[in-house]
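> need a structure here:
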Amino acid sequence: MTLLTGLLATIAFFYGFGCWYSFRYYKNLDNTSDGLSARWLTAGFLGQGIILGGKWVTEGFAPFNTMDGILTALSFSLATAFLIGRLKSPVAILTSLFLPFIFLLSFLAFITGFNMAPLMDSHLMSSGMACHIFLTFLGFAHFTLGFGVAVAFWIQEGQLKQHQIKSWSYRLPALEILDNLTVFYIALGFLFWLGGLGLGSIQAFQVWHRLPLDDPKILGSFLVLIIYACFFLLRWGLKIHGKKSMTLVMAGYFLALFTFVGVRVFLTTRHLF
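Reported below is the predicted structural model:
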């Protein structure tokens, strides 16, 4: 085991301990478990930041050209979005819902760390390309959390309207908190995604001398922005709230997920990954 895989394993353990305490909080609703979960989450976040920054300094380029680097950056982005969300609204129960995904990505980063074959030439990883990738990851991370909170809102509102509240749903936050958090996450995700697309467009003009909107990955990325722009138009322009606006959040996320992963699997793209 190399030093890198050892560090990745340590971080996976940090997030694993965080999951354990978050599940204990979900079961017992004690603030001590939530506090310990947040500390382990922060430890994993800081560890991943050190790994990503250290590799960037030592190798001279952003470590986004290997699978373990990509998974670490995605996990780090989710942890960043989640910690920002806790500063906005410290809803303890959400840790139990989202931290397992962060742990899973960090564990997959450890597994793939044993095979660090590059996915692209390191010479292509310019500072502009690295910022494009990382901003897109941050945007996707915030969309992911916004989607999760929107689903919780959908479930909570549906049960309240039908007067069929399940025992476990009492642990979910109030509708107003879920609604505000959804808007918060989607707004930040929109800004990060927009910044990533802007830098990506610059890279496209430098390489292809045009913006290839016929590429499904690039076209899908712009359509994601349009869907979320419609979400804000519904809420702030037409004053439409509740499930109708949350439907756009879910549609935008599924398109973002397909653009992020599905295009590479089912379609053809000239995008690097």
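
> so, low pLDDT: which residues of the stretch 151-273 of the chain?
Along the stretch 151-273 of the chain, segments meeting pLDDT under 70 span 158-171, 264-268, 270-273.

> go with 90
Applying pLDDT under 90 to the stretch 151-273 of the chain flags residues 151-181, 199-221, 234-247, 257-273.

> in stretch 174-187, what's buried?
Neighbour counts over stretch 174-187 (16 or more other Cβ atoms under 10 Å) mark I177, L178, D179, L181, T182, V183, F184, Y185, I186 as buried. (C-beta placed from N, C-alpha, C; glycine too.)

> those in helices, which ones?
When DSSP state H is applied, these are split such that I177, L178, D179, L181, T182, V183, F184, Y185, I186 fall in helices.

> nearest to I227, of those residues?
Distance to I227, by Cβ to Cβ, is smallest for I186 among these, at 10.2 Å.

> distance check, that closest one against M250.
According to Cβ to Cβ, to the nearest Å, I186 and M250 sit 11 Å apart.

> now T182
For T182, the distance to M250 equals 10 Å [Cβ to Cβ].

> now the common contact residues for these two.
Shared contacts of T182 and M250 (Cβ atoms under 8 Å, 6 or more residues apart in numbering): A150.

> in the helix ranked longest in the chain, which residues are buried?
The residue-count maximum for a helix in the chain (DSSP H) belongs to helix 127-162. Residues of helix 127-162 classed as buried: 129-154, 156-157 (neighbour count, 16+ other Cβ under 10 Å).

> which helices and strands does the host helix or strand of M246 pack with?
Using DSSP states H and E, M246 sits in helix 243-257. Applying 3 or more Cβ pairs under 8 Å, 6 or more residues apart in numbering; DSSP states H and E, we find helix 243-257 packed against helix 127-162, helix 175-208, helix 216-232.

> pull out the buried positions in the last one.
With burial defined by 16+ other Cβ under 10 Å, the residues of helix 216-232 counted as buried are P216, K217, I218, G220, S221, V224, L225, I227, Y228, C230, F231.

> of those, which is the nearest to L197?
Using Cβ to Cβ, S221 comes nearest to L197 of those, at 5.7 Å.

> correct me, but the closest one touches L199?
No. Using Cβ atoms under 8 Å, S221 makes no contact with L199, being 11.9 Å away.

> tally of neighbours for L8?
By other Cβ atoms under 10 Å, the residues close to L8 number 28.

> export the helices and strands packed on helix 243-257 as JSON lines, with columns for distance to I84.
JSON lines is the format used below for the helices and strands packed on helix 243-257 (distance: least, Cβ to Cβ, whole Å):
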{"stretch": "helix 127-162", "distance to I84": "8"}
{"stretch": "helix 175-208", "distance to I84": "7"}
{"stretch": "helix 216-232", "distance to I84": "18"}
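
> looking at those, which is nearest to K244?
In terms of Cβ to Cβ, the element of these nearest to K244 is helix 216-232, at 10.0 Å.

> circling back to that earlier point, what angle do the longest helix of the chain and helix 216-232 make?
Relative orientation of helix 127-162 versus helix 216-232 (axes from the mean of the first three to the mean of the last three Cα atoms, to 10 degrees): 50 degrees.

> so what secondary structure elements neighbour helix 127-162?
So helix 127-162, by 3+ Cβ pairs under 8 Å, 6+ apart, packs with helix 67-88, helix 93-112, helix 175-208, helix 216-232, helix 243-257.

> S37 is nearest to which of the ones you listed?
With Cβ to Cβ, the closest approach to S37 among those belongs to helix 93-112: 5.3 Å.
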